[in-house]
Structure formats: C-alpha cells, structure tokens
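[1] fold the following.
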Amino acid sequence: MNAPRPRVVRRAVHGVLLLDKALGVSSNAALQQAKRLYRAEKAGHTGTLDPLATGLLPLCFGAATKFAQVSLDADKRYLATLQLGVTTTTGDGEGEVVQTRDVNVTRADVEAACARFVGVIRQLPPMHSALKHEGKPLYDYARAGVEIEREPRAITIHAIGIVEGEGDRWVLDVWCSKGTYVRTLAEDIGEALGCGAHLAGLRRTGSGRLDVGAALPIERLEAFSAGELDALLLPADALVADWPKVVLTNEDAGRFLAGVRRRLALADAPRVRVYGPGGAFLGTGHVAAGELIATRLLSPAEVAAASAVPLAPAPRIEESESLLS
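    Residues are numbered from 1 along each chain as shown. Predicted structure coming up:
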C-alpha cells in the first residue's frame, strides 16, 4: 500500500513574482507551479499569455492579488516574429496553412506598413481567442467550425519598431494597449505588404513599468531556498508604484483602513497609493473634493505582514461618518 502523501501546509505570502513563462506552458499551469513552489495560500496572474508565447508573466500572491487588475489594464510590450508569405487558420504557427504568396519586401516597405497601424485603430478579435461569447471562448466555436460575429474594438498601438529581419522573416518591437491581439496585427501588416503573414513567435517583454529583464524561469526558481524565493518578491504596491503617494498619520491610517473618508489638504486625483507611518502600504484610493476615498484596502493582517509599525486600532464608526460603500 502506498503511503499517503504528506499534506502541504500553505502559508500567507504577499508580493509580486516576475516569471519568465516558458514556451508551451499555459498561464494557469505556470501560476500553479509557482503557487506550489511558494506554498502560497492565494495567488493569481495578471492576464493570460498564450501557451505559444513566452516572457513576462507577473504573478500576484496574497495582498498583491487585490491590485492585479492594474497590471491587466497596463500597456504591454512584445517581441513579435512575423513570417511573411504564409497565412494560417489561426494567425499563428499552430494553424493550417491557408495561402502562400511570394515575398519581395525591403526594410523600408516593412517600416511603412508598420507605420499604418500606429495610433488608435480598430481591431477585430480573432476567432481563435479566449474572448467569451455566451460563456464560451471563441476558440471553442472556431474548433467546431462555427463563425461568431464580432465587433471591432478600439486599441492603441503606441509604437512598432524593427528589431531585425530580412526577406520573409521580421522581428518587431510592439508597444500597445491592453486588449491588442498581436496575431491579428501580424496578419494585418502582412496584408498591407501584399504577401500575407502569420505570427511565428511572441515574447512579452513588458507590462506597465515591469520588465522581463527582472523575470526568472520556473526552472531557476526550483533551485532556490524558501528564503531566496521570498526575497525575489516585489512588494504588494509594486503594481501601483507610479501612482501619486499619500502618507497618513497613525490616526488617519486607522480610519482609512476602516473605510472612513478623510478630508485632507490634497489635490483631486483619480488614483493614489496610500501609506501609514513608517511606510506601511494600506491600499489605494482616489481624492475627490478634498476627500480621500478608499478603493482597495489591505486587511490589518496584510498591513502587519509588510510592516512592523503598529497602526492605531480601527475607530468606532459613527453614523455621521461618511463610509466607503
């Protein structure tokens, strides 16, 4: 009889791990690997990266999961490898070849084609995508041979630069808004060149202010001790580090954590990161008409995990106080 497996004791882990996701691994599989490695109670990723793509996948643990949407909404940066002259059913190398055409382009031709897509453009989501229709991802319909009507979406391509290339293969540096389908962009550039194209490779190099240069593959992480793994984590406020900073007194910090609006001498701001005395990160908020209003709060336990500075006890809330709903 096989001995029962020992029960894994989960622990409270707070912070952001920059993972360099490997080729062929789904974002969820990568997340579960890291979660097991850290024995973390709670974890989530900040937006999926296709199995055929590699690169930066920020993973959030504990308190940091409350701010994952910030990274999801952030601009992204990719190295996209275009194979000109070949179009496929999926827009990437996984699909069947639909058409092949001759390729006769120069660097100037590629630069001109890319320039046509810089700015705010409308992009039709591909059928082979995770976008949902009636609760099912579009790729399920595509595999069944069903075409679903889609509406073009507005996206922003901030810049496209040529990294290297010649003939029928080019590597582009793409800086774009969230929701951009780089496969579709590759196909559109191919059509603008008159020869068609598909996405032969994709590597995410940036998400907001986070860069793949600071990321590590799971194989490297597996060789680290528990202490070394913890030292790799960025603090929970790393995802909002470029927001305006507000520092509160001990008393105001306790009231802020209780959801009480505070009237302070602050200029209006749509989003701020809020700290207590000693630099304890409390959460995020916004300032309207001179009032600091909480948006996402850490729990007292989460604050304590990030700082040894005790905060004043949460106040008794009077009915006259204005609360965050």
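[2] ranges for the helices of the stretch 51-200 of the chain?
    Counting by DSSP state H, counting those that start in this stretch, the stretch 51-200 of the chain forms helices over residues 68-73, 107-115, 138-143, 182-192, given from the N-terminal end onward.
[3] a markdown table for those helices, including mean pLDDT?
    Shown next, in a markdown table, are the helices of the stretch 51-200 of the chain (pLDDT from 0 to 100):
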| stretch | mean pLDDT |
| --- | --- |
| helix 68-73 | 92 |
| helix 107-115 | 98 |
| helix 138-143 | 67 |
| helix 182-192 | 96 |
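[4] now the ones you listed as CSV including distance to residue 262 and mean neighbour count?
    (Each C-beta comes from the backbone N, C-alpha and C, glycine too.) Output for these, formatted as CSV (distance: least, Cβ to Cβ, whole Å; neighbours: other Cβ atoms under 10 Å):
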stretch, distance to residue 262, mean neighbour count
helix 68-73, 22, 18
helix 107-115, 48, 15
helix 138-143, 45, 16
helix 182-192, 43, 21
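[5] check the gap between residue 165 and residue 184 for me.
    In this structure, residue 165 and residue 184 are separated by 20 Å, where distance is defined by Cβ to Cβ, to the nearest Å.
[6] same question but for residue 15, I mixed them up
    Between residue 15 and residue 184 the computed distance is 34 Å (Cβ to Cβ).
[7] next one: residue 123
    Residue 123 sits 6 Å away from residue 184, going by Cβ to Cβ.
[8] closest one to residue 39 among the helices of the stretch 51-200 of the chain?
    Shortest distance between residue 39 and the helices of the stretch 51-200 of the chain, using Cβ to Cβ, is found for helix 68-73: 19.9 Å.
[9] what's in contact with that closest one?
    The set of residues external to helix 68-73 that reach it, using Cβ atoms under 8 Å, 6 or more residues apart in numbering, is 44, 45, 46, 47, 58, 60, 178, 207, 208, 210, 239, 240.
[10] for residue 231, grab the count of nearby residues.
    Residue 231: 10 surrounding residues under other Cβ atoms under 10 Å.
[11] how's this protein carved up into domains?
    The domain map for the chain lists 15-74+210-237, 76-207, 243-306, with the assignment taken from automatic domain parsing.
[12] tabulate those in TSV, adding columns for distance to residue 9.
    TSV is the format used below for those (distance: least, Cβ to Cβ, whole Å):
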stretch	distance to residue 9
domain 15-74+210-237	7
domain 76-207	31
domain 243-306	17
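[13] rewinding a little: pull out the buried residues from the contacts of helix 68-73.
    Buried members of the contacts of helix 68-73, counted by 16 or more other Cβ atoms under 10 Å: 44, 45, 46, 47, 58, 60, 207, 208, 210, 239, 240.
[14] out of those residues, which comes closest to residue 151?
    Among the buried ones among the contacts of helix 68-73, residue 47 lies closest to residue 151 (Cβ to Cβ), at 21.0 Å.
[15] residue contacts, that closest one?
    With contacts taken as Cβ under 8 Å, 6+ apart, residue 47 has the following neighbours: 27, 71, 72, 178, 207.
[16] I'd guessed residue 269 sits against residue 289; true?
    No - the pair residue 269 and residue 289 does not pass the contact test of Cβ atoms under 8 Å, sitting 11.7 Å apart.
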